[in-house]
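[1] Sequence below, structure please.
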Amino acid sequence: MALRTAPRVRSGSLPLRTYRTQGRPAAIAGVGVYAPEKVVTNFDLMKTMETSDEWITERTGIRTRHRAEPGTTTFSLAAEAARAALAAAEMDASELDMILVGTSSPDGPFPSVACRVQNELGAPGAVAWDLLAACTGFVYAMSTAEAYIASGRADNVLVIGAEVLTRMLDYSNRGTAVIFGDGAGAAILRPASRGAGFMSWCLGSDGRGFDQVTCGNVPKGAYTAQDTPTPFIDMKGPDVFKFAVDIFIRQAYAVAEEAGVDMDDIDLWVPHQANRRIIEAAARRIGLPMEKVACNIDEYGNTSTASIPLALNDALHEGRVKPGDKVLIAGFGSGLTWGACLLEWE
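    Coordinates of the predicted model:
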């Protein structure tokens, strides 16, 4: 595994681990999404907390987000997105070899959301498990699926990002309460039918930043008799902003360099939808016009692992992706974690 340092690196930044895909090439064969029917606008939030549409929009770019009704399970959202992805790929669930679910909001410690989805869809015998890499979870799951396909251990893999984050929000904290929404997105990965598919990857983490985005932890990260873990999402906004812009830029250069692709040849960038200001700042420094960026955070807010497939799905339906296009996908999240890939669309 090569260690590469991309251009424009800040001093003290960690080296990035990148690799080029090997073995049997894999491609995305279908994408599907699901969002709860209930839509919460900025004006709705103004009725219950001290905020304004202008304050939220200026700082985040978010205007609406979808909120699941109380009692809604993460696995039910995941299953709906999975059905849509299977339909898009013209595949039956019985053909699946593996189901991977990235989620930060499972319905419980166990059983896994993936096993519930397997049962719901009717995919007997398929390997199924969840993974936790916070908002990077969908990219981590895709990299695992791609590796299994490349090695010949699987042919058809369902990758899902699903979240019910609104049950983890403290509505007295407007810094986080206005950001997150609920939703799910899924993709079918299978062997590429021509010389397309995934080209390169960049994955990593920096546990020194474990306290920048937390849930269910105490501030100092070590429990004492007096400490009570909080069940709510908490975030150090300015620190996360700086990290996110830096890692977005570095990942973009890293995967492009590994694949031997010039940044000008990128046709579409699909970033994790954390904050529109983060996306715009990174795009400017990468040199990508917003016309080449998939951004729908104004409609969905930050849906963590679901945000990338939700944005990719919108881009597909808008006709912004065609065969042969170079698509850059990148995420970052609590941990701190990051992950990116470059693929040629099949």
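[2] Flag the shaky bits of the stretch 201-346 of the chain, pLDDT-wise.
    Flagging of the stretch 201-346 of the chain using pLDDT under 70 yields the residue ranges 218-228.
[3] Do you have the strands of it handy? List them.
    If DSSP state E, counting those that start in this stretch is used as the criterion, the strands of the stretch 201-346 of the chain fall at 213-215, 233-235, 268-271, 326-333, 337-344.
[4] Tell me how many other residues surround Ala93.
    With neighbours defined by other Cβ atoms under 10 Å, the count for Ala93 comes to 20. Quick note: C-beta positions are derived from backbone N, CA and C, even for glycine.
[5] Oops, could you answer that again for Arg208 instead?
    9.
[6] Now it. Nearest residue, chain neighbours left out?
    Take Arg208 and drop its neighbours on the chain: the residue closest to it by Cβ to Cβ, 6 or more residues apart in numbering is Leu336, 7.9 Å away.
[7] Would you point out which residue is most central in this protein?
    Geometric centre of the chain, nearest residue: Thr305, 3.7 Å, by Cα atoms, centre = their mean.
[8] For Tyr19, see how far away that one is.
    22 Å (Cβ to Cβ, to the nearest Å).
[9] Could you do Ala186 as well?
    25 Å.
[10] Of those two, give the one with the bigger neighbour count.
    Applying other Cβ under 10 Å to Ala186 and Tyr19 shows that Ala186 carries more neighbours, namely 33 against 15.
[11] Who are the packing partners of the host helix or strand of that one?
    Per DSSP states H and E: Ala186 is located in strand 183-191. Here strand 183-191 touches strand 26-34, helix 74-88, helix 137-151, strand 157-163, helix 307-317, going by 3 or more Cβ pairs under 8 Å, 6 or more residues apart in numbering; DSSP states H and E.
[12] Out of the ones you listed, which is closest to Ile247?
    Smallest distance to Ile247 across the helices and strands packed on strand 183-191 (Cβ to Cβ): 12.0 Å, for helix 137-151.
[13] now that closest one and strand 337-344, what's the angle there?
    Interaxial angle of helix 137-151 relative to strand 337-344 (axes from the mean of the first three to the mean of the last three Cα atoms, to 10 degrees): 50 degrees.
[14] tell me the angle helix 137-151 makes with strand 326-333.
    130 degrees.
[15] Can you give the distance from helix 137-151 to the centre of its chain?
    Computed by Cα atoms, centre = their mean, to the nearest Å, the chain-centroid distance of helix 137-151 equals 13 Å.
[16] How about that helix, which residues are buried there?
    137-150 (16 or more other Cβ atoms under 10 Å).
[17] likewise stretch 184-195?
    184-192.
[18] Same question for stretch 233-242.
    233-235, 240-241.
[19] Among the residues you listed, which one sits closest to Gly61?
    Closest to Gly61, out of all of the buried residues of stretch 233-242 and judged by Cβ to Cβ, is Phe241, at 12.9 Å.
[20] For Arg194, give me its contacts.
    The contact partners of Arg194, by Cβ atoms under 8 Å, 6 or more residues apart in numbering, come to Glu346.
[21] meant to ask about Trp338
    136, 202-205, 247, 251, 330-332.
[22] Kindly write the PyMOL command that selects the buried subset of these.
    This is how PyMOL selects the buried members of these, with burial counted by 16+ other Cβ under 10 Å:
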select buried, resi 136+202+203+204+205+247+251+330+331+332
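[23] Tabulate the contacts of Trp338 in CSV, adding columns for distance to Asp264.
    Below are the contacts of Trp338 laid out as CSV (distance: Cβ to Cβ, whole Å):
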residue, distance to Asp264
Thr136, 26
Cys202, 19
Leu203, 25
Gly204, 25
Ser205, 30
Ile247, 21
Gln251, 17
Ala330, 17
Gly331, 23
Phe332, 24
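[24] quick one: Ala79 from Lys322, how far?
    For Ala79 relative to Lys322 (Cβ to Cβ), the value is 30 Å.
[25] got it, and Val255?
    For Val255 relative to Lys322 (Cβ to Cβ), the value is 20 Å.
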